[in-house]
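**Student:** Here's a sequence, model it:
(one chain, ligands or ions: 1)
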Amino acid sequence: MKALYGHSTTAIKTKWYSAFQSPQGAPNILATQDPKIHVAIRRRFAPAFKMTVLLRQEDSMQTYLDKLWKSLEKPASDGRIIDMCHYTETVTWDIIGQLSFGEPLGEIAGPKGLDLVSILNKLLVMSTILGHVWGQIAWVDNPVTRFIGIKNPLQEAFEWASLKVRQHEEADRSGIESDMVDYLLSYKDPQGNPATHLEVVEGAFAVNGAGADTVGITMRAALYHLTSHPKVLQKLREEIDAVDTAEPLSYKQTQQLPYLKAVVRESLRMYPSVPGQLYRIVPLGGLLINGHFIPSGTVVGISSLAQNRDTAIFGQDADIFNPDRWIGDESKARYLEAALFNFGGTGPRSCPGRDLAMIELYKFVAQMVQKFDFELVDQAHPFSVKTYFFAIQSDMQMRLAHRKRSVGTHKQSAET
Ligand code: HEM
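**Tutor:** Reported below is the predicted structural model:
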């Protein structure tokens, strides 16, 4: 992991990733191979991903979580079976839309009839497959396809994103909480040059592609593991109920709850959103890994599905959901955390959205447990999964009920 995905790695991505590059755009953060171009893009992103900036957006995040809880109230009252995929998708797209473009994107039909979510899902399928094919996106987006009217599914979404950036450029945004487009627009490189329009569009767009489904997948993974481990769910409820508040738990409050943190980490470990190998090219001089020499130029990669279940790291019970492995020994927990591969390591190409994802995940799991009892309709078939870069679940049938002991009554009942 350190050699390929650590701080000082010189291993670059393979051309497979170029399939994620939109033909009409500026270099894309996920796709670009060139380390110099990539460093410049990451610098542009950095201000928007600072923890202090993300925490300023917590209220906005909470607005969409509240909207989610509200929409779950009726199904929880009448016991109707619901598809949790729909609800978790909606909230994560709302949050990322708000944080990036300043408007929620969760209402699946998307902004003004543009079905951004399904466009991005199409892109994911297309790019994952075309990544392996010579010529890649050129097969579906070239002068001939354009002449006969076949549109690259990305184009429509790209035009929408461009319009949104234009609106930001032209509007008086004083007094409005900055979103990622604002941060990207106000950035100046070390020579004092601002980003171009296309660079801002590509940046805000990439964040949407990478920052919604990945989080939703982990939310569903946590719900699945909690429903299949009633003792874990009970222990988590007790920890959460002991916080004396009627309000939805804040991020700060969740950080005082070791068992919640263990449940979220263990859910990530068991069900990585990006389970495939992250392809890299072995740099000049080759690599000596565990006594094996790998020549320069070889394409290699680690899969988080394999790494996160390595018994040499996580122990003989690595295939089992066991949050207790994270509890009691801080140095062991730190070691395990450093070995988790969900976010692509710690190096230059690791996930810049990790902190944002963790804020969303801690708040979602804590508040869901605060508010509802929940069960899967069929524990043996929790959902279907299709993996195209992301392992996206569908059809997660669940039944909810309002918690009998409502939040904040803990202290009251003790006093009475
Ligand atoms: C549980 C949630 C998430 C997981 C598991 C995850 C996972 C990953 C992984 C594995 C990579 C490396 C991909 C590769 O090397 O092929 C990555 C990169 C990236 N992620 Fe995330 N991610 C998550 C959430 C987010 C969020 C919330 C955002 C944005 C708000 C985001 C933005 C990005 C971007 C822009 C990259 C490309 C980084 C680069 O190449 O420099 N991710 N993510």
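**Student:** Which helix or strand contains the closest residue to residue 187 other than its chain neighbours?
**Tutor:** Using CB to CB, 6 or more residues apart in numbering and skipping residues adjacent in sequence, the residue nearest residue 187 is residue 44, 4.9 Å away. C-beta here means a position set from N, CA and C on the backbone, and glycine is covered the same way. Here residue 44 sits within helix 35-45, counting by DSSP states H and E.
**Student:** in that helix, what's buried?
**Tutor:** For helix 35-45, the buried set under the neighbour-count rule, 16 or more other CB atoms under 10 Å, comprises 38, 40-41, 44-45.
**Student:** CA atoms only: put that helix into CSV for me.
**Tutor:** Output of helix 35-45 as CSV, limited to C-alpha atoms (Å, rounded to 0.1, in the frame of the first residue of the first chain):
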residue,chain,number,x,y,z
PRO,A,35,1.5,14.2,-11.8
LYS,A,36,2.1,18.0,-12.5
ILE,A,37,-1.4,18.6,-13.9
HIS,A,38,-2.8,16.5,-11.0
VAL,A,39,-1.0,18.5,-8.3
ALA,A,40,-2.4,21.7,-9.8
ILE,A,41,-6.0,20.3,-9.7
ARG,A,42,-5.6,19.1,-6.1
ARG,A,43,-4.3,22.5,-5.0
ARG,A,44,-7.5,24.0,-6.4
PHE,A,45,-9.6,21.6,-4.5
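**Student:** what is the rounded mean pLDDT of that helix?
**Tutor:** Average pLDDT, helix 35-45: 96.
**Student:** what's the answer for stretch 134-142, then?
**Tutor:** Averaging pLDDT along stretch 134-142 yields 76.
**Student:** Is residue 398 part of a helix or strand, or is it coil?
**Tutor:** Classification of residue 398 by DSSP: H, G, I helix; E, B strand; the rest coil places it in strand.
**Student:** from now on call the first residue 830
**Tutor:** Okay, residue one is now 830; in that scheme the one you just asked about reads as residue 1227.
**Student:** Show me which residues of the stretch 1080-1229 of the chain are close to the ligand?
**Tutor:** Residues of the stretch 1080-1229 of the chain found near the ligand (CB under 6 Å from any ligand atom) are 1102-1103, 1107, 1171-1173, 1178, 1180-1182, 1185-1186.
**Student:** Let me know the closest of those to residue 1044.
**Tutor:** residue 1186 (5.0 Å; CB to CB).
**Student:** you'd agree the closest one is in a helix?
**Tutor:** Yes - counting by three-state DSSP, residue 1186 falls inside a helix.
**Student:** residue contacts, residue 1233?
**Tutor:** Residues counted as contacts of residue 1233 (CB atoms under 8 Å, 6 or more residues apart in numbering) are residue 1202.
**Student:** how close does residue 923 sit to residue 983?
**Tutor:** To residue 983, residue 923 is 22 Å away according to CB to CB, to the nearest Å.
**Student:** Check what pLDDT residue 987 gets.
**Tutor:** Reported pLDDT for residue 987: 82.
**Student:** these two touch, right, it and residue 852?
**Tutor:** No - with contacts counted by CB atoms under 8 Å, residue 987 stays clear of residue 852, the gap being 9.5 Å.
**Student:** So between the two, which is more surrounded?
**Tutor:** Under the criterion of other CB atoms under 10 Å, the comparison of residue 987 against residue 852 puts residue 987 first, with 20 against 15.
**Student:** what about that one, which helix or strand?
**Tutor:** helix 982-999.
**Student:** same question, residue 891
**Tutor:** Since the elements are taken from DSSP H and E, residue 891 ends up inside helix 887-907.
**Student:** so what strands line up beside the next helix or strand after that helix?
**Tutor:** Sequence order places strand 911-912 as the next helix or strand after helix 887-907, per DSSP H and E. When pairs are called by DSSP bridges, strand 911-912 turns out to pair with strand 1226-1231 (antiparallel).
**Student:** Show me what the partner strand is in contact with.
**Tutor:** With CB under 8 Å, 6+ apart as the criterion, strand 1226-1231 contacts 901-902, 904-906, 908-913, 1052, 1056, 1200-1207.
**Student:** For the ligand, what's the nearest residue on the protein?
**Tutor:** Nearest residue of the chain to the ligand (CB to the nearest ligand atom) works out as residue 1182 at 2.1 Å.
**Student:** That residue contacts residue 1036, doesn't it?
**Tutor:** Yes - the pair residue 1182 / residue 1036 is scored as a contact, 7.1 Å apart, by CB under 8 Å.
**Student:** Surely the residue nearest to residue 1016 touches residue 1013?
**Tutor:** Yes - with contact defined as CB under 8 Å, residue 873 reaches residue 1013; the gap is 5.9 Å.
**Student:** Need the overlap of contacts for those two.
**Tutor:** 1024, 1028, 1032.
**Student:** residues from the stretch 880-1029 of the chain in reach of the ligand?
**Tutor:** Counting by CB under 6 Å from any ligand atom, the residues of the stretch 880-1029 of the chain close to the ligand are residue 925.
**Student:** Where does pLDDT dip in the stretch 880-1029 of the chain?
**Tutor:** Applying pLDDT under 70 to the stretch 880-1029 of the chain flags residues 937-943, 982.
**Student:** where exactly do the helices run in the stretch 930-1079 of the chain?
**Tutor:** 945-959, 972-976, 982-999, 1009-1015, 1026-1040, 1042-1056, 1059-1070 (DSSP state H, counting those that start in this stretch).
**Student:** okay if I get those helices as JSON lines plus distance to residue 965?
**Tutor:** Putting those into JSON lines (distance: least, CB to CB, whole Å) gives the following:
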{"stretch": "helix 945-959", "distance to residue 965": "5"}
{"stretch": "helix 972-976", "distance to residue 965": "13"}
{"stretch": "helix 982-999", "distance to residue 965": "13"}
{"stretch": "helix 1009-1015", "distance to residue 965": "26"}
{"stretch": "helix 1026-1040", "distance to residue 965": "17"}
{"stretch": "helix 1042-1056", "distance to residue 965": "22"}
{"stretch": "helix 1059-1070", "distance to residue 965": "43"}
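**Student:** can you tell me which residues contact the nearest residue to residue 877 once chain neighbours are set aside?
**Tutor:** Once flanking residues are discounted, residue 877 sits nearest to residue 1012: 3.9 Å by CB to CB, 6+ apart. Residues in contact with residue 1012 (CB under 8 Å, 6+ apart) are 876-877, 882.
**Student:** Dump those residues into TSV; add secondary structure as well.
**Tutor:** TSV is the format used below for these (three-state DSSP):
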residue	secondary structure
876	helix
877	helix
882	helix
